[in-house]
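Engineer: here you go, sequence then predicted model.
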Amino acid sequence: MIRTLPKSRTYTLSFGVFMGLYFFFLFAPLVITCILAFNDSQFPSLPWKGFTVEWFTGNVAQRVGIFHDQINLASIWVSFKVAICVSVLSVMVGTAASFLFEQENFPLKTPLYFLMLMPLVIPGVILGISILLFSNTLGMFFEDTWGIDVGLFRPGFWLVVLGQFSFITTFVTLVVSARLKKFDRTLEEAALNLGATRWQVIWYITLRFLRPAIIGSGAVAFLMSFENFNTTLFLVGSEATLPINLYLQVRDGSTPVINAISFLLIVGTSSLALFNLYISRKEKLE
Amino acid sequence: MKRHFSWMTCFFLAPVLIWLIFLIVLPHIDLLIMSFRAEDDYGDMVWSLVNYKEFFTEPIYWLTFVRTAVYSILVTCITFVIALPVAFYITKVVSPRVKGFLIVLLLMPFWVSELVRVYGWMILLRESGVINHFLMMLGITSTPVEMLYNDATMLLGLVYTSMLFMVVPLISALDSLDDALIEAAYDLGSGMWTIVGKIIIPHAKPGIVSGSIVVFMLTLGNYLTPNLMGGKSSLWFTEQIYNQFIASFNWNQGSAFGFLLLILSSFIIWVGLKLTRQNLGKVAS
């Protein structure tokens, strides 16, 4: 059964085969996407026609590589801006929320905590449409009452940011809270006794302690925002984010440029994920 | 001191309240209100149940709804059946040195965008895809087989995209299981299935519940995978919502559908939590 117990040969072998198949299943689509990004063919399929990097660097009419593909580059830039805004906002509010739920006491704390968990059980599509509806209602209200047209209430950049922020903040709160639970509050009391103000305690002691969790959750927020599709779909205006833009291209037929973008995404997100893992490992050692 | 702290509470409370009220509570109230509004014969908006009536009288709508629910439960079960041995292998069978490496390997695909993963499967499975290329090269088939755009492929895609949300909580649940319990059971002569049923599953219950909730939720609300891998014939309820909003521009009907999906997901999760005697606060942390 387990490593300390005697195992039959068949058991070990069949379990090994199962795990091998599982990892094959896990990696096959990613590996094949990466390989075909370097295939010298007009279509992302076999047969192999030789190695090329033209799907990255090419700049001729039939082969516009990703580095010269203005539409895709623009959408990567939009996604990048959205992800930065979402991670900064959600880390700030999420950290405030974890202080609120871990260290403060106030009436209706438990119901508010459950409300904070709600985004975990609301499908992304529903979050998207409800925020779309509400911003539309607000927009109409402002226009009818004061005759002003607020751009924020129309689908577009900021609505995408708000939509993603609405559920990513919950994840940040949970990650930061988990770290805050381990905080030794006698440190705070000592500092308060030595004459520090509550602000100084939070700034110099608690936030320092939380730093790995804050950086880690920021990285997670960035990745979640960068790849979000379901919520963004309803809130996106004329500036498409990368997942929306890729979706439209995949649906209407694909070229190896998509493989090239996927390759960059896989490499980029894996490095960010490894960085995040490194941070959390350091946190564990501390 | 007391006053000071309450001021602090307000400082932390304000952003949280703004977030929850303006992005969660009010939008969903608006969704509920919109779903009960419809145009009457004169083109005015009035209170009405017509959006919900439409759902129950038009078989395609509620059939898709039931189908989505049944398939989501099925995906959750398949994911669990595959994930349990994987988590067990990583936490209990393999040597501790390989364990860390395998966990990193497991997490890698989880970080890559769902779109890229679905796209990878499309390249593998479609008529001009990689698998067909090998099948024809080996002489197993002479003409390419279309493997995309059917229910089985869609299920495969859904299991694939949500797999890691099941594996990770299972690993952390099994990590805390003392090996001595399994050894003791083995010494007393229990077989593998007894150990799985009497020790492993009861111990891993919190992990199973939280993993199942996340997988179920993500599958039920998934738009991308059914849309790209399921093709025209396989309907998913989120597609109906999307069509009402974007294609027909019938926001009231779409709101009613959205609200029904929300009720369905909350209800099934509630039943799941009640059956397993867990609560959301415990599962989330």
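Structural biologist: Thanks, I have the structure now.

Engineer: now do the strands in chain A.
Structural biologist: In chain A, the segments counted as strands under DSSP state E are A:59-60, A:63-64.

Engineer: can you tell which of the ones you listed is closest to residue B:257?
Structural biologist: The closest of the strands of chain A to residue B:257 is strand A:63-64. By Cβ to Cβ, the value is 39.8 Å. The C-beta positions use only the backbone N, C-alpha and C, and glycine is treated the same way.

Engineer: which other helices and strands contact the biggest helix by length in chain B?
Structural biologist: In chain B, with assignment by DSSP state H, the single longest helix is helix B:59-88. If contacts are counted by 3 or more Cβ pairs under 8 Å, 6 or more residues apart in numbering or on different chains; DSSP states H and E, helix B:59-88 sits against helix A:9-36, helix B:50-57, helix B:151-175, helix B:205-220, helix B:237-242, helix B:251-275.

Engineer: quick check: angle from it to helix B:205-220?
Structural biologist: Helix B:59-88 runs at 140 degrees relative to helix B:205-220, counting by axes from the mean of the first three to the mean of the last three Cα atoms, to 10 degrees.

Engineer: quick one: distance of helix B:59-88 to the chain centre.
Structural biologist: Helix B:59-88 sits 8 Å away from the centroid of its parent chain (Cα atoms, centre = their mean, to the nearest Å).

Engineer: how about stretch A:216-232 against chain B, any contact?
Structural biologist: Yes: remark: stretch A:216-232 sits within contact range of chain B at A:223, A:226, A:227, A:229, A:230, by Cβ under 8 Å from any Cβ of the partner chain.

Engineer: tell me, how many residues neighbour the first one?
Structural biologist: A total of 22 residues lie near residue A:223 under the criterion other Cβ atoms under 10 Å in any protein chain shown.

Engineer: wait, isn't it in contact with residue A:269?
Structural biologist: Yes: between residue A:223 and residue A:269 there is a contact under Cβ atoms under 8 Å: 6.0 Å.

Engineer: between the two, which contacts overlap?
Structural biologist: The overlap between the contact sets of residue A:223 and residue A:269 (Cβ atoms under 8 Å, 6 or more residues apart in numbering or on different chains) consists of residue B:111.

Engineer: quick revisit: so which bits of the longest helix of chain B are buried?
Structural biologist: Residues of helix B:59-88 classed as buried: B:61, B:64-65, B:68-69, B:71-73, B:75-76, B:78-80, B:82-88 (neighbour count, 16 or more other Cβ atoms under 10 Å in any protein chain shown).

Engineer: ok, stretch A:35-54 next?
Structural biologist: Counting neighbours by 16+ other Cβ under 10 Å, stretch A:35-54 gives A:35, A:36, A:37, A:38, A:39, A:44, A:45, A:46, A:52, A:54 as buried.

Engineer: repeat that for stretch B:247-265.
Structural biologist: Of the residues in stretch B:247-265, those with enough neighbours to count as buried (16+ other Cβ under 10 Å) are B:250-262, B:264-265.

Engineer: which non-adjacent residue is nearest the closest residue to chain B within the stretch 101-250 of chain A?
Structural biologist: For the stretch 101-250 of chain A, the residue positioned closest to chain B under Cβ to the nearest Cβ is residue A:123, at a distance of 2.4 Å. With Cβ to Cβ, 6 or more residues apart in numbering or on different chains as the criterion, residue A:123 has its nearest non-adjacent residue at 2.4 Å, and that residue is residue B:221.

Engineer: what about chain A: which of the buried residues of stretch B:247-265 touch it?
Structural biologist: Counting by Cβ under 8 Å from any Cβ, B:251, B:254, B:255, B:258, B:261, B:262, B:265 from the buried residues of stretch B:247-265 sit close to chain A.

Engineer: contacts only, for residue 72.
Structural biologist: Just so you know, I chose chain A. Residues counted as contacts of residue A:72 (Cβ under 8 Å, 6+ apart) are A:66, A:242, A:245, A:257, A:261.

Engineer: nope, chain B
Structural biologist: By Cβ under 8 Å, 6+ apart, the neighbours of residue B:72 are B:216, B:219, B:220.

Engineer: can you put those residues in TSV and add pLDDT, distance to residue A:165 and neighbour count?
Structural biologist: Formatted as TSV, the contacts of residue B:72 follow (pLDDT from 0 to 100; distance: Cβ to Cβ, whole Å; neighbours: other Cβ atoms under 10 Å in any protein chain shown):
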residue	pLDDT	distance to residue A:165	neighbour count
B:216	90	24	24
B:219	90	24	26
B:220	89	23	26
